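Engineer: Got a predicted model here, sequence first, then my questions.
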Amino acid sequence: MASSSSSASSSASASWKYDVFLSFRGEDTRYTFTDHLCKALRAKGIETFMDDEIGGGELINPALLTAIEKSRHAIIVLSENYAFSKELCQFYGVNPSDVGNQRGSFGKALADHETKLKADHEKRMRYAMERVKEWRAALTQVGKMRGFTSSPIKSETRFIDEIVTDISKDSNCVSSTYEKNLVGMDSYITELESLLCMESTKVRMVGIWGMGGIGKTTLARVIYERLSHQFEGCCLLEGLKSTSMDKLKAELLSRELGNKDINMEFTSIEAKLRSKKVLIVIDDVNHQSILETLVGEHTWFGPQSLIVITTRDKHLITMGGVHPIIYEVKVLKDGKDIELFNNYAFKNNPVPGDVREFSKHIISYAQGLPLALKVLGCSLRGRNKEYWIDMLNRLKKIPNGEIQQVLEISFDGLEDNEKQIFLDIACFFRGSDQTFVRTILESCGFFVVSGIEILIDKSLITISNNGILEMHDLLQEMGWHVVRKASFKEPGKRSRLWELNDISHVLKCETGGEEVEGIFLNLSGLEEMSFTGKAFSQMTNLRLFKIYQSNLRNTKEKMQCKLHIFDDLKFHSNELRYLHWDNYPCESLPSDLRYKNLAHLCMPNSHLTQLWEGQKVFGKLEFVDVSYSQYLTRTPDFSRATNLKVLVLKGCTNLVEIHPSLGYLSKLILLNLENCINLEYFPSTCEWVFLEEFNLRGCSKLKNLPEAPQDKPYPSKLDLDGTALTDFLTSEHGNVQQNSGNFDSIVEFNSYDSTIEQLPSSNIVLRSSYFPSPHCTLTSLIHLYLSGTTIIHLPWNLERLSRLKRLEVTNCTSLQALPVLPSSLQLLYASNCKSLELISPESLCKRFGPTRAFFGNCFKLSKYQSKMEYAVQNAASHINLAKWKSIYDGG
């Protein structure tokens, strides 16, 4: 038996249809050796051509010639009667030397040919004799070929195994079908192969995971082709969605065992494969039952078996009976996307100059997705410049159908909860903080924690390191397409509206119906827009509403677009959960606003003079932001808004009155009154159990802090920068508060430019008065900002603040001395402390080694010019210890 391999060029190899062409003498081995060999080759996944109609002894027809040309390898089975064929190599039942020297049956056969031909016409004789000479030369060459020889002492099964193994090794490179698809993906193959642990004796499972069109199937096929020869059995299962479980099991076993007649009633996968080293590749797994049926337990397979699955659902990989390795296929970057696109669009020829810029736009549009690069590259191959321009314009409005079809498979497999979350993110919340989005969508009744986890597992969204929700551009486009499909012609019948032209049409023409659940209107680029309140009359299921201008640099900046609303603005939806309106033009909220389900109210820079009158039931309201609403003079009655967690009144410069009910919002977490410059008094009592951040920066007229019971912690972040407060413990009427709250919880304290003269400590001081206050220790404090205050002394026990890292006393012109500082301190800013004269010797000698300290313009310190630690060279080291102690001792 002899074998040969094609040495054709790569361009010719691209047309290979078969891995092996079998040549044999039909009468000798068709139903015995050759049949067994063909079956064994096909069982290994080697595409084999065996002519079942015309044997080796018949004339060669054109179909056979084509098969020969399309075959990568040829196996010639040289049996005893092979030479009697009219066509002329495994040596089956013959001696290779008999072939080469034309002895035995080969010599006799050729002699018979000569005798017969001599009786023919002289002209035919000369032609025929030339054919015989060619045959002799061919057989002489065959005798020199590498081959396999059967032997009476070698079993036919073992003989066939040797042949199949040899052919498998020769085929150990990716078939031409996938070579083209691997452009730009070589590094992924290398990474994936490194995870396979081929030397391991255990059963291994590798899950190839990623979004649709990312190249999972291509990678799996490559692994199968490269490794299949190393296993006793191998199987590649594709297109499983419409196949029953019994058929899948039967197909798996028939391919692994090379036997089509498998009766699953009398056997199992475990029974047949538990002692075999097998390779199983299952493509596009979309349900747990597939894994349970085909690869339920690792004990089903022999040692060193390898199971490879591809899926869009990461969670499925972890549900198999074999501990998995997960390989995430990511988008092509670093020029690999360009390489793949150019391969399809230009066949790796130079990019024509007239379409070079357009090709960059197409590649950018694909965002590294191999499917999109391939589809778009093929569709643009050979097209002129005008076609490229038209295609780019088309893609901006209409996504490519072939790409969308693949991507929508993932969406179609979602439950309704996940579908709604995905569409809200795609249309409204991509690029938003996940915590913020979770709050909004949970108020809509969605199960957001599990929903987002499922969307991540199915490669539909990602979350960045800083908690931002993201997704591939084409997946977002797919989500948009799903929404548009509900009504291509009339946007008022779609569930979500985010495009300016669509929203403008719906509001002006008043076509919005009950289908509309969300509207996000970006007014950037518009100078003016108008609509009537009636436009919302039929939107009875509106959940999310936002009007904003994305090109504003901050919330303080006002919109350039002039918005005109005719008639009384009314929302007729009981479902409204999220209302965000920058520069809201009305003095009060919409007259018929349904309050009971509203969770998030955001109206920065509004014209509101009041939020609401009297008591309104806001049972689900958690967030209110009316920052920079300069016409707002007082806060409303919050007594029926008991779930409020965040209240932002920053920059409300005319706010003069805080309703007492604010002090009883027990769930409040953040209260921001920054730059409320006309606010003088705060309600005297507060019950803020969970308050974490309290910002009073810039409240230049504020003279008091609310009282807090001793057992209630103060907020962890307290900013008193620029306030008129003189101390912590003065009540609304100027008396010392007996219940001043627990300051241990404060993590960040800022009193920059305030009039505070003394911090609370464990046993001293308020202005010139001393009184016990053992609970005010600030032991959680990390940052302490006192710059610009009139403070004279810092507490003597500041050293006990074991978590303090940053202390700022810059411009504290009355500060006279620094006590012992904590060893945790990393930064000390004390410039322009013109009265600072004394520094703790312990601080100089022990604390300032790792600390960066700044004492610029501390003129009284400059009187002492002795050696100091390098970090405090500008401060004096000669300290009058007795004088320093006199300030703090005995207090």
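Structural biologist: Perfect, thanks for sending it. Residues are numbered from 1 along each chain as shown.
Engineer: can you pull out the strands in the stretch 301-450 of the chain?
Structural biologist: Counting by DSSP state E, counting those that start in this stretch, one finds strands in the stretch 301-450 of the chain at the ranges 306-311, 324-328.
Engineer: would you list these in JSON lines and tack on mean pLDDT, mean neighbour count and distance to residue 424?
Structural biologist: All C-beta atoms are positioned from the backbone trio N, CA, C, and that covers glycine. Below are the strands of the stretch 301-450 of the chain laid out as JSON lines (pLDDT from 0 to 100; neighbours: other Cβ atoms under 10 Å; distance: least, Cβ to Cβ, whole Å):
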{"stretch": "strand 306-311", "mean pLDDT": "92", "mean neighbour count": "25", "distance to residue 424": "25"}
{"stretch": "strand 324-328", "mean pLDDT": "90", "mean neighbour count": "17", "distance to residue 424": "25"}
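Engineer: Mind putting the ones you listed into CSV with distance to residue 637?
Structural biologist: Output for the strands of the stretch 301-450 of the chain, formatted as CSV (distance: least, Cβ to Cβ, whole Å):
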stretch, distance to residue 637
strand 306-311, 55
strand 324-328, 53
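Engineer: Looking at per-residue confidence, what score does the closest residue to residue 631 other than its chain neighbours get?
Structural biologist: Distance criterion Cβ to Cβ, 6 or more residues apart in numbering; nearest residue to residue 631, sequence neighbours excluded, is residue 609 at 4.9 Å. pLDDT for residue 609: 91.
Engineer: what about residue 609, which helix or strand?
Structural biologist: Following DSSP states H and E, there is no helix or strand that holds residue 609.
Engineer: Can you read off the backbone torsions of it?
Structural biologist: Here is the backbone geometry of residue 609 (degrees, to the nearest 10): phi -100, psi -20.
Engineer: ok, it touching residue 587?
Structural biologist: Yes - under the criterion of Cβ atoms under 8 Å, residue 609 makes contact with residue 587 at 4.8 Å.
Engineer: who touches both of those two?
Structural biologist: The overlap between the contact sets of residue 609 and residue 587 (Cβ atoms under 8 Å, 6 or more residues apart in numbering) consists of residue 631.
Engineer: Against residue 624, how distant is residue 650?
Structural biologist: Computed as Cβ to Cβ, to the nearest Å, the residue 650 to residue 624 distance reads 12 Å.
Engineer: Just the helices from the stretch 151-300 of the chain, written as ranges.
Structural biologist: Per DSSP state H, counting those that start in this stretch, the stretch 151-300 of the chain carries helices over the ranges 156-170, 176-179, 186-194, 216-227, 245-257, 269-273, 288-294.
Engineer: Just the element for the residue lying closest to residue 51 once chain neighbours are set aside, please.
Structural biologist: Among residues not flanking residue 51 along the chain, residue 64 sits closest, at 6.2 Å (Cβ to Cβ, 6+ apart). Using DSSP H and E, residue 64 falls within helix 62-69.
Engineer: Report the mean confidence score over that helix.
Structural biologist: Rounded mean pLDDT across helix 62-69 is 77.
Engineer: Quick check: buried residues in that helix?
Structural biologist: Using 16 or more other Cβ atoms under 10 Å as the burial criterion, the residues of helix 62-69 that qualify are 64, 67.
Engineer: what's the following helix or strand after that helix?
Structural biologist: Assigned by DSSP H and E, the successor of helix 62-69 is strand 71-78.
Engineer: Within its sheet, name the partner strands of that next one and how each one runs.
Structural biologist: strand 2-5 (antiparallel), strand 18-23 (parallel), strand 90-91 (parallel) (DSSP bridges).
Engineer: and the angle from the longest one to helix 62-69?
Structural biologist: In other words, strand 18-23. Interaxial angle, strand 18-23 versus helix 62-69 (axes from the mean of the first three to the mean of the last three Cα atoms, to 10 degrees): 120 degrees.
Engineer: and strand 18-23, how far from the chain's centre?
Structural biologist: Its chain's average C-alpha position is 45 Å from that of strand 18-23, according to Cα atoms, centre = their mean, to the nearest Å.
Engineer: For the stretch 751-891 of the chain, give me the ranges with low pLDDT.
Structural biologist: Applying pLDDT under 70 to the stretch 751-891 of the chain flags the ranges 751-780, 841-851, 862-891.
Engineer: Neighbours of residue 278, how many?
Structural biologist: 25 (other Cβ atoms under 10 Å).
Engineer: mind checking pLDDT for it?
Structural biologist: With respect to pLDDT, residue 278 scores 89.
Engineer: give me every residue that touches it.
Structural biologist: If a contact means Cβ under 8 Å, 6+ apart, then residue 278 has 231-235, 256, 301-302, 305-306 as its contacts.
Engineer: Could you single out the nearest of those residues to residue 108?
Structural biologist: residue 232 (42.2 Å; Cβ to Cβ).
Engineer: Determine the number of other residues adjacent to that closest one.
Structural biologist: Neighbourhood size, residue 232 [other Cβ under 10 Å]: 17.
Engineer: My guess is it contacts residue 275. True?
Structural biologist: No - using Cβ under 8 Å, residue 232 and residue 275 do not qualify as a contacting pair, with a distance of 9.2 Å.
Engineer: ok so, going back, now, which of the contacts of residue 278 sits nearest residue 579?
Structural biologist: Using Cβ to Cβ, the shortest approach to residue 579 within these belongs to residue 306, at 55.6 Å.
Engineer: Next one: that closest one relative to residue 366, how far apart?
Structural biologist: Distance of residue 306 to residue 366, computed by Cβ to Cβ: 32 Å.
Engineer: quick one: the strands in the stretch 701-850 of the chain?
Structural biologist: Under the criterion DSSP E, counting those that start in this stretch, the stretch 701-850 of the chain contains strands at 708-713, 717-719, 740-742, 748-750, 783-785, 806-808, 817-818, 827-829, 838-839.
Engineer: Now do the second one: distance to the chain's middle.
Structural biologist: On the basis of Cα atoms, centre = their mean, strand 717-719 sits 35 Å off its chain's mean C-alpha point.
Engineer: just the fifth one next, same as before
Structural biologist: Using Cα atoms, centre = their mean, the distance from the centre of strand 783-785 to the centre of the chain it belongs to is 37 Å.
Engineer: List the pairing partners of that strand within its sheet, with orientation.
Structural biologist: Here, using DSSP bridges, strand 783-785 pairs with strand 748-750 (parallel), strand 806-808 (parallel).
Engineer: Where do the strands of the stretch 551-700 of the chain begin and end?
Structural biologist: Taking DSSP E, counting those that start in this stretch, the strands of the stretch 551-700 of the chain run over residues 562-566, 578-581, 600-602, 623-625, 646-648, 670-672, 693-695.
Engineer: What helices and strands are in contact with the fifth one?
Structural biologist: Meaning strand 646-648. Identification of packing neighbours for strand 646-648 by 3 or more Cβ pairs under 8 Å, 6 or more residues apart in numbering; DSSP states H and E yields strand 623-625, strand 670-672.
Engineer: Over to the last one?
Structural biologist: Here strand 693-695 is seen to pack against strand 670-672, strand 717-719 when contacts are counted using 3+ Cβ pairs under 8 Å, 6+ apart.
Engineer: Same question for the second one.
Structural biologist: Counting contacts by 3+ Cβ pairs under 8 Å, 6+ apart, strand 578-581 is packed against strand 544-548, strand 600-602.
Engineer: Save those as a markdown table, and put in mean pLDDT too.
Structural biologist: What follows is these, written out as a markdown table (pLDDT from 0 to 100):
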| stretch | mean pLDDT |
| --- | --- |
| strand 544-548 | 94 |
| strand 600-602 | 95 |
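Engineer: returning to that earlier point: between residue 650 and residue 624, who's got more neighbours?
Structural biologist: Using other Cβ under 10 Å as the criterion, residue 650 and residue 624 rank with residue 624 on top: 23 against 20.
Engineer: Looks like that one contacts residue 646 (just checking).
Structural biologist: Yes - Residue 624 is within contact range of residue 646, at 7.0 Å (criterion: Cβ under 8 Å).
Engineer: Counting neighbours, which bits of the one helix or strand residue 480 maps to end up buried?
Structural biologist: Assigning secondary structure by DSSP H and E places residue 480 in helix 473-485. Residues of helix 473-485 classed as buried by neighbour count (16+ other Cβ under 10 Å): 474-484.
Engineer: what distance separates that helix from the middle of the whole chain?
Structural biologist: That offset, for helix 473-485, works out to 17 Å (Cα atoms, centre = their mean).
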